[in-house]
Structures are given as structure tokens and as C-alpha cells.
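# can't give you the sequence, but here's the structure:
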């Protein structure tokens, strides 16, 4: 059996989702393909966890090249997409796929929200919120008047390292951490209910400022200098530019009421960023006929 699972883009709720705030997660049409009739050349930690749990008999072969750019990962949730595609190719019952993938992903990564697993499983646009023992996932639509462009940053980032630094900051300065989280969670709540592109952009600006403050406090570049400079230019055009996930590089989003200007795109190129051709709201995991 062969199956495909899409990558993801975390548009809103980065870090705040771990504190119970809602996250807007979008599936993208960059897919991992898994094939149970071929032997895996490499077994990820997440797939190994699924095998250990008894949800997968053996690791299928997979191709995740669509979620890479210039031979590095894009930050589009490849580990979750590989896991979900592998479980589907292995014949796991559809009703069991999401909880099994969520459990395996969390075990391999020692926590995490699992929003990327939700995007790979369900596709489309999802509003995700952590609940006791699980993750609540609700279908959502983005405002029809918002324009979103996706850019690969010049730096590769390790999500685990970013999260570790943030956790260390939260431990050593609880008061300051809570103040930043209030800002991030507030922006996430507004974004979750945004009915217009203008409302969504405003909410994302609040989060961009909060992510910059969080990175400064934790001594990690959640918002890199290039992203910060491009965000300042985007705001002059009633738009916003911010990390799409844990930050530190990988991937970032331009969100506005119109396409970015040629001048803005030229500056992005000067900063080493490359626009990524993809569509939002892609189909979730599904079987592929031979």
C-alpha cells in the first residue's frame, strides 16, 4: 500500500499552543510518500515509536524530498508527515491513525503539541488546542481576503534546541515568561476568531512582537535578524512577516491584504530568503493507487 501525507505551516499560536492557546495550522501541498512494499532506507524515531507501540509492523520506505529545499529541511513538519504516511501505508485503521500518530510523535519528541500531526492527518486548515490527554482539532477557514506567501529562510533551525532554550528561560524567570505568554496567547486567541484579513494580520503582528521578545529573553533567534528586518518593511504595507513555527530560520510567512511588492521581494532575496511555491489547505493523508 502507498500513502501520502502533507506537510504543515503553523500560521498562528507558536509556543503559545503549549500553554493552552489555540493554534492555526495549515496543511500544504508538499507531501511525503510512503510505500509498504519497499524496505525503509531509514527509520525515524517517530516511526520506531509507532512500531514499538504495535501500531506498525515494520517501517515502510518513504520519500520526504518535497519537504526539503537545497538539501535541507524546510520546517514543514516532515517528521509528522513521514509518521502519518507510514502508518497509513502500513494499513492502520483510519479511526486509529490520529491518536496513534499523536502518541508516537509525542513519545519520540518528549512532548510537543502535535499540531503538525493534525495537519498531516486531516489536511485543510485546523484550529488546534491542547486538552487534558489529547489535542482538540476543529476545521477552520482563513479569511478570504488574506494573502499568504511562504519563504524559506537562509538558516536551518532545530526545533528541539529552540524549545529547550525557551523551557530554560521559563524556569529561571517565571514572571517575565508569563508576561510574554500573555501577549502570545492573547494574539493567538484573536487570530483564532479573526473574520477578516485585517484582523488576522493585526493578531499576527502581536505574535511577531511576542516571539521576538521571547527569543531575546531566551537568548535564541526565534525571530532572526532577516525576518525582523523584513517584518518592519511588511508593516509599512499593512502586512506582517513572522516565523511559521518555532523560528530560528527554516520557514516564515508574509501575511497581508495584497501580495508583497516587488521591492519587498527583492529585499527578501538580498537577505537570502527564497519564496516557496506551495498551496494552502491541502488534502490530508490518503492512499495512492499504483
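Noted; the coordinates are in hand. Quick caveat, the model's predicted, so the values are computed rather than measured. Numbers count the residues shown, from 1 in each chain.

# for the rest of this, base every contact and every neighbour count on C-alpha atoms.
Fine.

# residue 55 - that's part of a helix, no?
No. Counting by DSSP: H, G, I helix; E, B strand; the rest coil, one finds residue 55 to be coil, located in no helix.

# so it is in contact with residue 92, correct?
Yes. Counting by C-alpha atoms under 8 Å, residue 55 touches residue 92, with 6.8 Å between them.

# neighbour count: the two, which is higher?
Comparing residue 55 with residue 92 by other C-alpha atoms under 10 Å, the one with more neighbours is residue 55, at 20 against 16.

# which other helices and strands does the strand ranked longest in the chain contact?
Longest among the strand segments of the chain by residue count, using DSSP state E, is strand 23-39. Secondary-structure packing of strand 23-39 (3 or more C-alpha pairs under 8 Å, 6 or more residues apart in numbering; DSSP states H and E): strand 2-12, strand 60-63, helix 78-89, helix 115-122, strand 125-131, helix 174-192.

# so the first one versus helix 115-122, what angle?
For strand 2-12 and helix 115-122, the angle between their directions (axes from the mean of the first three to the mean of the last three C-alpha atoms, to 10 degrees) works out to 130 degrees.

# and strand 2-12, what does it pack onto?
Strand 2-12 packs on strand 23-39, helix 78-89, helix 115-122, strand 286-288, going by 3+ C-alpha pairs under 8 Å, 6+ apart.

# which among those is found nearest to residue 269?
Proximity to residue 269 (C-alpha to C-alpha) singles out strand 23-39 among these, at 22.3 Å.

# distance between that closest one and the chain's centre?
With C-alpha atoms, centre = their mean, to the nearest Å as the basis, strand 23-39 stands 13 Å off its chain's centre.

# and after it, which helix or strand comes next?
helix 45-52 (DSSP states H and E).

# in that next one, what counts as buried?
45, 46, 47, 48, 49, 50, 51 (16 or more other C-alpha atoms under 10 Å).

# for the fourth one, give its distance to residue 11.
Note on residue 48: its distance to residue 11, by C-alpha to C-alpha, to the nearest Å, is 29 Å.

# next: residue 210.
14 Å.

# next: residue 137.
15 Å.

# with residue 31 instead?
18 Å.

# between those two, who's got more neighbours?
The neighbour comparison of residue 31 against residue 11 (other C-alpha under 10 Å) goes to residue 31, with 28 against 22.

# setting aside sequence neighbours, what's the nearest residue to that one?
residue 6 (4.3 Å; C-alpha to C-alpha, 6 or more residues apart in numbering).

# and that neighbour, how many neighbours does it have?
By the criterion of other C-alpha under 10 Å, residue 6 has 37 neighbours.

# wait, what's in contact with it?
27-32, 81, 119-121, 123, 282-285 (C-alpha atoms under 8 Å, 6 or more residues apart in numbering).

# following element in sequence after the longest helix belonging to the chain, please.
If you go by DSSP state H, the chain has its longest helix at helix 197-218. Once the chain leaves helix 197-218, the next helix or strand it forms, by DSSP H and E, is helix 225-235.

# packing partners for that following helix?
Using 3+ C-alpha pairs under 8 Å, 6+ apart, helix 225-235 sits against strand 240-243, helix 262-270.

# other residues contacting stretch 254-267?
Stretch 254-267 has contacts (C-alpha under 8 Å, 6+ apart) with 145-151, 197-198, 201, 230, 233-234, 237-242.

# residue 181: what's its closest spatial neighbour, skipping adjacent residues?
residue 16 is the one closest to residue 181 (C-alpha to C-alpha, 6+ apart), at 6.4 Å.

# so how far is residue 143 from the one you found?
21 Å.

# do the same with residue 182
24 Å.

# burial check on residue 237, number of neighbours?
Under the criterion other C-alpha under 10 Å, the count of neighbours that residue 237 has is 16.

# pLDDT below threshold where in the stretch 51-200 of the chain?
Applying pLDDT under 70 to the stretch 51-200 of the chain picks out no residues at all.

# what sits against the residue nearest to residue 21 when sequence neighbours are not counted?
What sits nearest to residue 21 in space, not counting adjacent residues and going by C-alpha to C-alpha, 6+ apart, is residue 185, at 5.4 Å. Counting by C-alpha under 8 Å, 6+ apart, residue 185 touches 13, 16, 17, 19, 21, 22.

# any idea how the protein splits into domains?
Recorded structural domains for the chain (assignment: automatic domain parsing) are 2-142+279-288, 147-275.

# report the distance from the last one to the chain centre.
What separates the centre of domain 147-275 from the centre of its chain is 12 Å, taken as C-alpha atoms, centre = their mean.
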